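Trainee: The following block contains a protein sequence and its predicted model.
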Amino acid sequence: MRWRMGNGDSGLLVWLRLNDSMLCQTHINYQYWQMPVRDTLPPVSTLSPRSATIAKGNVIHTRFTVENSLGAWPGDNRHNSLLGYDAPDPTLLAMDRYGQPRWVDIGSGGPMSIEFEVVPEHSWVKVEPSQGRIKGDGSEDTRVWISIDWSKAIGDTAHIDFTSSDGAHILVTIPLRYPQVPDNFRGAVEGDGCVVFEAAHGGAKPSTVDGIEYAWKEIPYYGRTHSGMAIFPVEDYRLPIGSGPPLVYDFWAFEKDEVEVIMHLGPSNNWIIGQQHAFAISMDDQEPVEIKPIPEAAPGSLSADWEDIVSREIREVKVKVPMGKEGKHSLRIYGVTPGLVFERVMIDMGGIAARGYSYLGPPESKIL
């Protein structure tokens, strides 16, 4: 293709030269939002596909990876036992009727394909799948899901046998808990040590201040999981603490003196000059507490945490809140200023960190 340049086309020529690689942007090993100057690989570990696993003197081709463990069985390392050797059989985190299923991954640990079987000691312990075949090339590694028929469960523990045709074997122990809520309760229930709401699944109530109605409205498909909730109208205002429209989240929790409320908000800056965006929260009958989630920054500049917020696509706000006795509780989030979009609301009684949830966080709680 020929391009004839005129006297006024020198700027275009410079643009073409600068942008002849505009579709060749680096894409490997980002450390923050800006692209790296060149593609580089992070540290990489390799395994020989021809080697089997040697564990306690046995040659095996199976690896059992248990939820919430960095180790695998059979195996001896510091993640499997405190001594780093002679590892005991694994124990899953306790299960309760309002929590999520557990899992065990069965994967290739050597070049030989193997058959596996999963046998629970009780019929009310459900496993899926209960048998299968794992190829030596790792292409058919399988996750076994574990759930409980709570209408028939008894006792404090349950056990499941995992065996494979190469002689590998583990006995998985599952502690069981039996929390109970009244039949007439309606709301979310603590399970696995936390309560999780999509922001839109609370009760949104409007509020009238100085003759103007302010209300939370859902923004469909906003954010990472479901949607977003924001205050409208969007103007330059600041509502008195506790007088703005509330988002109300009713839940049943089991006794805990203090909980951590974790809120996921969409990335935003303080775009009203001289004012920080704000909201307020309260638990039950406590006085609302004002929260200013975005650090101050000089006009024309960004908050100190902006790069991290944009790279994760979320602003995570954590607040310690007294809660007290077992029973029904209500968390309220009050609008104070516009400019904030809530995606998820979580009340953590210690279970979120224990389960090791990743980027998106725990699944939403059961709502009765």
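Mentor: Structure's in. What do you need? Numbers count the residues shown, from 1 in each chain.
Trainee: Point to the helix or strand of this protein where mean pLDDT is at its lowest.
Mentor: Every helix and strand of the chain was ranked by mean pLDDT, DSSP states H and E. The lowest is helix 10-18, at a mean of 54.
Trainee: So what touches the next helix-or-strand element following that helix?
Mentor: The first helix or strand that comes after helix 10-18 along the chain, using DSSP states H and E, is strand 53-55. Contact with strand 53-55 is made by 59-63, 74-76, 109-110, 168, as judged by C-beta atoms under 8 Å, 6 or more residues apart in numbering. In this view, the C-beta of every residue, glycine as well, is placed from N, C-alpha and C.
Trainee: can we see that at 7 Å?
Mentor: With contacts defined as C-beta atoms under 7 Å, 6 or more residues apart in numbering, strand 53-55 is touched by 60-61, 63, 74-76, 109-110.
Trainee: Looking at these, which gets the smallest pLDDT?
Mentor: Taken together, the contacts of strand 53-55 show their lowest pLDDT at Asp76, with 73.
Trainee: count of residues packed around that one?
Mentor: As a burial measure, Asp76 scores 17 neighbours (other C-beta atoms under 10 Å).
Trainee: Mind telling me what element it is part of?
Mentor: Counting by DSSP H and E, Asp76 is found in no helix or strand.
Trainee: isn't it right up against Ala87?
Mentor: Yes - counting by C-beta atoms under 7 Å, Asp76 touches Ala87, with 5.5 Å between them.
Trainee: Test for you: state the pLDDT assigned to Thr65.
Mentor: On the pLDDT scale, Thr65 is placed at 92.
Trainee: partner residues bridging it?
Mentor: Beta-bridge partners for Thr65, by DSSP bridges, are Asp105.
Trainee: coming back round to it: just the ones in helices from the contacts of strand 53-55, please.
Mentor: Using DSSP state H, no member of these falls within helices.
Trainee: ok, these vs Met229, which is closest?
Mentor: Ranked by distance to Met229 (C-beta to C-beta), these are led by Arg63 at 43.2 Å.
Trainee: what residues are up against Gln80?
Mentor: Careful, residue 80 is Asn; it's not Gln. Contacts for Asn80 were tallied using C-beta under 7 Å, 6+ apart; they are 71, 73, 87.
Trainee: Distance of the first one relative to Pro90?
Mentor: So that's Gly71. 8 Å (C-beta to C-beta, to the nearest Å).
Trainee: any weak-confidence spans in this structure?
Mentor: 1-23, 82-85 (pLDDT under 70).
Trainee: which residue ranges form the helices in it?
Mentor: Remark: helices assigned in the chain by DSSP H are 10-18, 306-312, 351-355.
Trainee: buried stuff in the shortest one?
Mentor: Read that as helix 351-355. Under the neighbour-count criterion of 16 or more other C-beta atoms under 10 Å, helix 351-355 has 351-352, 355 buried.
Trainee: Which one of the residues you listed is nearest to His201?
Mentor: So of these, ranked by how close each gets to His201 (C-beta to C-beta), first place is Ile352, at 17.9 Å.
Trainee: Skipping its backbone neighbours, what lies nearest the closest one in space?
Mentor: Of all residues beyond its chain neighbours, the one nearest Ile352 is Cys194 (5.0 Å), with distances taken as C-beta to C-beta, 6 or more residues apart in numbering.
Trainee: Give me the nearest residue to Glu255, chain neighbours excluded.
Mentor: Nearest non-adjacent residue to Glu255 (C-beta to C-beta, 6+ apart): Glu326, at 4.4 Å.
Trainee: Quick check: of the contacts of Asn80, which has the highest neighbour count?
Mentor: Using other C-beta under 10 Å as the neighbour criterion, Trp73 leads the contacts of Asn80 with 26 neighbours.
Trainee: residues touching Ser164, list them.
Mentor: By C-beta under 7 Å, 6+ apart, the contact list for Ser164 reads 62, 114-116.
Trainee: most surrounded residue in those?
Mentor: With neighbours taken as other C-beta under 10 Å, the top of the contacts of Ser164 is Thr62, carrying 29 neighbours.
Trainee: any idea how far that one lies from Met346?
Mentor: 36 Å.
Trainee: Disregarding residues adjacent in the polypeptide, which is nearest to Pro36?
Mentor: Using C-beta to C-beta, 6+ apart and skipping the chain neighbours, the partner closest in space to Pro36 is Thr26 (5.2 Å).
Trainee: Would you mind listing the residues in contact with that neighbour?
Mentor: Contacts for Thr26 (C-beta under 7 Å, 6+ apart) come out as 35-39.
Trainee: Verify the contact between Glu121 and Ala158 for me.
Mentor: Yes - with contact defined as C-beta under 7 Å, Glu121 reaches Ala158; the gap is 6.5 Å.
Trainee: Torsion angles phi and psi at Lys94?
Mentor: In this structure residue 94 is Ala, not Lys. Taking degrees, to the nearest 10, you get phi -60, psi 140 for the backbone angles of Ala94.
Trainee: Pull up the gap between the nearest residue to it once chain neighbours are set aside and Gly99, please.
Mentor: Nearest-residue entry for Ala94: Pro175, 3.9 Å, with adjacent residues in sequence omitted and distances by C-beta to C-beta, 6+ apart. Note on Pro175: its distance to Gly99, by C-beta to C-beta, is 12 Å.
Trainee: Which one's more surrounded, the two?
Mentor: Using other C-beta under 10 Å, the more surrounded residue of Pro175 and Gly99 is Gly99, with 25 against 13.
Trainee: Pretty sure the more buried one sits against Gly193.
Mentor: No - contact criterion C-beta under 7 Å: Gly99 and Gly193 do not qualify, at 8.2 Å.
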